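S.K.: The following block contains a protein sequence and its predicted model.
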Amino acid sequence: MAVVTTPGTGTGARRLRRVAVPALFLIGGLSVPTVVTNVGAFEDRWFPLTTMVLCGIFVMFTLGLNIVVGYAGLLDLGYVAFFLFGAYTAGWLMSSFFFQIDPGIHIFDAAINPDSPGINLSFWIVVPIAAVVAAIAGVIIGAPTLRLKSDYLALVTLGFGEILPQAFRNGESIKGFNLSNGTKGIGPTNPLDMGWLSWTGVGKDAINVFDYKTRYYVIFALCVIFILISLRLRDGKLGRAWLAIREDELAASLMGVPLMRTKLWAYGVGAAAGGIGGAFYCVSLGGVQVDTFNFQFSVIVLCMVILGGMANVYGCILGAVILTWVNYTGMKEIGNSVNNTFGTEISVPKYQFLIFGIVLVLMMLFRRDGMLPAARQKHSREIDAQIEKIGTEGVA
Amino acid sequence: MSSMSQAVRGGGREWNATNVVGVALLGLIGLWILWNFIDSPTQVIQVAILGLCNGALYALIALGYTLVYGIIELINFAHGDLFMLGSVFSAMIISDWFGQETSNPTGWAVFALTFVAAMAFCAAINVSVDQLAYRRLRNAPKLAPLITAVGVSFIFQNVGIIWNGSAPKSQNAVLPGGSLEIGDVRVPWTYLFTVIITIPLLLLLTWIVQKTRQGKAMRATAQDPDAARLMGINTNRTIAFTFALGGAMAGAAAIMYLQNNGTTRYDAGFQLGLIAFTAAVLGGVGNLTGAVLGGLLIGLIQGLNDGAPHGLGQEWSQSVVFSILIALMVFRPSGILGSPTSEKV
Amino acid sequence: MSDLILDASQIRVEFGGLVAVNDVDFQIPTGSIVALIGPNGAGKTTFFNVLTGLYRSTAGTVMFDGQPIAGRAPHQIAAMGMARTFQNIRLFGTMTATENVMVAMHAHLKGGLWQTIFGSPGQRREEQAARDTAHELIDFCGVNGDPDEFAKNLSYGDQRRLEVARALALRPKLLLLDEPTAGMNPQESDDFIAFVRRVRDAKQLTVLLIEHDMKVVMGVSERITVLEYGSKIAEGTGEEVRANERVIEAYLGKAATHGAT
């Protein structure tokens, strides 16, 4: 069941699949809120819209990390850094946090009080800014570290992922200036808006900015855009260079691929997705808290990429949706059901780490390419398995 | 096949710009220590000694990283969490099984027993994980065992949550309390014991690696696993033995940590593990002496940062250690005592 | 513009105390086919690695096409027009043959990030043209397998030919072939001699090859340079080299041990 077709080979069945899969994805994705809110209590309990919105956010993160880990083969254990930058960017630019700026700056925003101080930009202006801020952070983190060997790179990214939250936690008073509000975080942020539509009042009745349905559609749209970007890049010059680096860095450089620049692009694009996801997360929750940003987050997103299938966009989406659901609803509800049925008092969410740990280990041992492997991996894995088998038999 | 297999980009140690920056950074750290010392000598000596004692703990954990990396080039991400499990295990034996709460001869006997048990416990777990998971991934791409280790780390942490609870638990020390006082400098006895116990362990480890048959097999496997196998060395058993040694060191560190800090917490391993890994890299990963040196140095720097007059203070402790890690990786990935790595063309 | 495509003078490479290349002077006239030969461990591949920027020489200068290569990264030297193949094949295994060739066009393709994301018409035309060129090169080099097959699944001979196709995609002025006929049977080797000439004439480039098969070396090269223990011991036409006493000693004198390796 190869979803990703090799470019340039257009047999009928493959072409059909190329159209059918995105079409199914679009229809399914768009109908989620309608189904969830209209069908009944079962869906409401097992598939609440709040979780569906989180699924969208994690799809964004997973697609971003997939560019770094899946396409370019660079293990990043500090992806949380980009999430952090995106979220704080939204916190800074969409709230009264910088109360020193009075009267405040208001651009297309949906702030309740137009006299409120601080920087109040529309979410749609903040999204590209957050993407750029995160991408720049990615390049700054990447530039000195990308020449390291893969496992060292993992540790250095992890180091950044630990330093940044600590810096923001302690950033309450940098020479008297409050940058991050420390452990209290920044909030409340302005609600999600429809930009110019909200501002002119055209969409005010049509689009209710406070409900989860709108939020879902917004993150869904952002995800669709990034999916298209992922697919386009994969089939272009840059995607080929990423794959070549993943396969054989040295040969790639001797064929004229500039290693640093190509890797930095992977970092930048991947980080941009983290920034967009972070900005949306902040706005969706109405604020940002520094405790959200920890190593566990980086590993959970990595789990999603690996579970779904490295380098396969649809696999990553699947992995993100499944694990987000398990994390935010599945474990709790399964626990409740078990406890109600058997009269026990097991706290299933307590086993979150265990479940993610086991997912990682089992996937690595038995299905390294994920549930939906990219076509190229799946194909070659079978041959690898044969060679490995012959090899071990030969030695034994 | 011809015999071409030399280092990419210059074989020897070149004095290029990045190297110079690396040395300059070390120099700056030296100046900073000196500045602190001139300002308040007693306080610096005090925190330096405490830092070095902590450093001995880091060294013990760092050895586990360095041994495993040296032989299969795996950053054993779960090693810190193994240490955490060791501390919870020790607390269970001392407090729950034997009910020892104070320093008395029975308590010391129980401590001695637990010391051996904790080493055996951690060694056994480490070997089991290797045999169950990493062993199957010997020929896999490098990322696979690393990601597996991250997964194992998560599993260990969850075991820690179930075993110890999600909140830190305070534990009583059974080693003598109080401090040794020399002038104004006070060093708790438990810290001194850590050093006293670490030294013979290090000597023993060095002897095993340098002199015994098993140690020679380890070094041969680290050099070239295929050639070692052809020479009749059971590489799998040798790797398992290495995991056992590393685990035993973590077990020893765990019980000493318990006596020093008097708490068990499920996330202790993540923090300490990363610090210890930094120590291993600082010394030159794969180099035993380097790991010890790195551990002591990191302990010293951290102690001074947390307690000296011109330090950034404890809330930046982690950041300082990780900044050292990052600066090292960028400017001198081979560490103080390590040798540059190479790729074959 | 000189008539030397490559002018290396006094190249020295040391690894620790070991001298791998010992003050070698080496010139390649534009448009020629030259061979670098020598016993195993003579420093041939090391010399290749210096030319392509993988190693920095301890001393000496390399002028390529009139410009010094010192301080340039491998990908920059490649973009200047120096392409190579590898002694042990280094294709991108899980990419198709076509994609492998297209990777080497990286330096020539203009489509940047934004053009790729928005799929501008120019970028699409460029991609299509690149794909067509890749297919032509694959045909030109005589790869028999399916161009959409993964490189690792191609036959050994096809993989060797695909490496040449990939190198040609760089539009090189100088093509370096590292033991190109290793593992080929005599018939294939003969075909290869004709192929190298065809490449040189059709693509108007210069070829430098490292080769062990004396039949191929004598058959194809216009000039031969012999290395032993990192030093140049002879240089000249096939006839001259064949008559050189030191070369005979280096090869025949050690024929027995050489055969054993």
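M.R.: That came through, no problem.
S.K.: and the helix or strand hosting residue B:146, how far from the chain's centre?
M.R.: Here residue B:146 is covered by helix B:143-164, with elements defined by DSSP states H and E. Mean-position distance between helix B:143-164 and its chain equals 17 Å (Cα atoms, centre = their mean, to the nearest Å).
S.K.: Please see if it touches chain C.
M.R.: No: using Cβ under 8 Å from any Cβ of the partner chain, helix B:143-164 stays clear of chain C, coming no nearer than 14.7 Å. For the C-beta atoms, the positions are set from N, CA and C on the backbone; glycine is no exception.
S.K.: Backbone dihedrals for the nearest residue to residue C:86 once chain neighbours are set aside, please?
M.R.: What sits nearest to residue C:86 in space, not counting adjacent residues and going by Cβ to Cβ, 6 or more residues apart in numbering or on different chains, is residue C:178, at 5.7 Å. Per-residue torsions, residue C:178: phi -100, psi 100 (degrees, to the nearest 10).
S.K.: The nearest residue in space to residue A:77 that is not next to it in sequence - how many residues pack around it?
M.R.: Nearest residue to residue A:77 in three dimensions, chain neighbours excluded: residue A:158, at 4.0 Å (Cβ to Cβ, 6+ apart). Other residues near residue A:158 come to 27 when the count uses other Cβ atoms under 10 Å in any protein chain shown.
S.K.: repeat for residue A:349
M.R.: Quick note: residue A:349 (other Cβ under 10 Å) scores 14 neighbours.
S.K.: So which residues of the chain form strands?
M.R.: Chain wasn't specified; assuming chain A. A:105-107, A:119-121 (DSSP state E).
S.K.: Wait, chain C was what I had in mind.
M.R.: C:4-15, C:18-29, C:33-37, C:59-64, C:67-68, C:82-84, C:174-178, C:206-210, C:223-228, C:231-236.
S.K.: Would you convert these into TSV that also reports mean pLDDT and mean neighbour count?
M.R.: Output for those, formatted as TSV (pLDDT from 0 to 100; neighbours: other Cβ atoms under 10 Å in any protein chain shown):
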stretch	mean pLDDT	mean neighbour count
strand C:4-15	88	19
strand C:18-29	88	18
strand C:33-37	91	23
strand C:59-64	90	17
strand C:67-68	90	11
strand C:82-84	93	27
strand C:174-178	93	24
strand C:206-210	92	25
strand C:223-228	90	23
strand C:231-236	88	18
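S.K.: tell me the contacts of the residue nearest to residue C:86?
M.R.: C:45, C:48, C:84-87, C:209-210 (Cβ atoms under 8 Å, 6 or more residues apart in numbering or on different chains).
S.K.: likewise residue A:354?
M.R.: So residue A:354 contacts B:154-155, B:158-159 (Cβ under 8 Å, 6+ apart).
S.K.: Kindly report the same for residue B:186.
M.R.: Listed by Cβ under 8 Å, 6+ apart, the contact set of residue B:186 reads B:46, B:179-180.
S.K.: from the contacts of residue A:354, which two are the most distant?
M.R.: B:154 and B:159 (9.8 Å; Cβ to Cβ).
S.K.: So for the two, which sits in the more crowded spot?
M.R.: residue B:154 (27 against 19).
S.K.: Against residue B:327, how distant is the more buried one?
M.R.: With distances taken as Cβ to Cβ, to the nearest Å, residue B:154 is found 28 Å from residue B:327.
S.K.: mind giving me the domain ranges of the chain?
M.R.: Here I'm looking at chain A. Per automatic domain parsing, the domain ranges recorded for chain A read A:11-47, A:50-395.
S.K.: Actually, chain C is the one I wanted.
M.R.: According to automatic domain parsing, the domains of chain C span C:1-81+C:172-261, C:92-155+C:162-169.
S.K.: Give me the distance between the two termini of stretch C:113-126.
M.R.: Start-to-end span of stretch C:113-126 (Cα to Cα, to the nearest Å) is 14 Å.
S.K.: Near chain C, which residues of the stretch 151-300 of chain A? Just list them.
M.R.: Counting by Cβ under 8 Å from any Cβ, the stretch 151-300 of chain A sits next to chain C at A:228-229, A:232-233, A:236-238, A:240-241, A:243-244, A:247-248, A:250-259, A:265, A:269.
S.K.: Just the buried ones from these, in PyMOL syntax?
M.R.: To isolate the buried ones among these in PyMOL, judged by 16 or more other Cβ atoms under 10 Å in any protein chain shown, type:
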select buried, chain A and resi 229+232+233+236+237+238+240+241+243+244+247+248+250+251+252+253+254+255+256+257+258+259+265+269
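S.K.: near chain B, from the residues of the stretch 151-300 of chain A next to chain C?
M.R.: Near chain B, by the rule Cβ under 8 Å from any Cβ, you find residue A:250 out of these.
S.K.: Kindly list the main-chain dihedrals of residue B:266?
M.R.: Backbone torsions of residue B:266, given as degrees, to the nearest 10, read phi -70, psi -20.
S.K.: Identify the residues contacting it.
M.R.: B:84, B:88, B:157, B:160-161, B:163-166.
S.K.: would you turn those into a markdown table with neighbour count and distance to residue A:59?
M.R.: As requested, those are exported to a markdown table (neighbours: other Cβ atoms under 10 Å in any protein chain shown; distance: Cβ to Cβ, whole Å):
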| residue | neighbour count | distance to residue A:59 |
| --- | --- | --- |
| B:84 | 31 | 33 |
| B:88 | 23 | 37 |
| B:157 | 24 | 26 |
| B:160 | 24 | 31 |
| B:161 | 19 | 28 |
| B:163 | 15 | 35 |
| B:164 | 22 | 35 |
| B:165 | 13 | 34 |
| B:166 | 11 | 29 |
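S.K.: Also within reach of chain A: list those from these.
M.R.: B:157, B:161, B:166.
S.K.: Model confidence for residue B:28, exactly?
M.R.: We have a pLDDT of 83 for residue B:28.
S.K.: One more: the one 5 residues further on?
M.R.: Per-residue pLDDT puts residue B:33 at 80.
S.K.: dump the residue contacts of it.
M.R.: B:44, B:300, B:304.
S.K.: In this structure the first one contacts residue B:304, no?
M.R.: Think residue B:44. Yes: counting by Cβ atoms under 8 Å, residue B:304 is a contact partner of residue B:44 at 6.9 Å.
S.K.: Residues that sit against both of the two, list them.
M.R.: With Cβ under 8 Å, 6+ apart as the test, residue B:44 and residue B:304 both reach B:33, B:36.
S.K.: that older thread, of the contacts of residue A:354, just say which sits nearest to residue C:110.
M.R.: With Cβ to Cβ as the yardstick, the closest approach to residue C:110 among the contacts of residue A:354 comes from residue B:154, at 45.2 Å.
S.K.: Look up the closest residue to that closest one, ignoring the ones flanking it.
M.R.: residue A:357 (3.2 Å).
S.K.: Need the distance between the two termini of stretch C:215-227.
M.R.: Start-to-end span of stretch C:215-227 (Cα to Cα) is 18 Å.
S.K.: Where does the prediction get shaky in chain B?
M.R.: In the predicted model, chain B carries pLDDT under 70 at residues B:1-19, B:22, B:335-345.
S.K.: Could you list every helix and strand in contact with the helix or strand hosting residue B:218?
M.R.: Using DSSP H and E, residue B:218 falls within helix B:213-223. Applying 3 or more Cβ pairs under 8 Å, 6 or more residues apart in numbering or on different chains; DSSP states H and E, one finds that helix B:213-223 makes contact with helix B:41-72, helix B:189-211, helix B:225-230, helix B:235-261.
S.K.: mind listing what residue A:147 touches?
M.R.: When contacts are counted by Cβ under 8 Å, 6+ apart, residue A:147 is found next to A:259-260.
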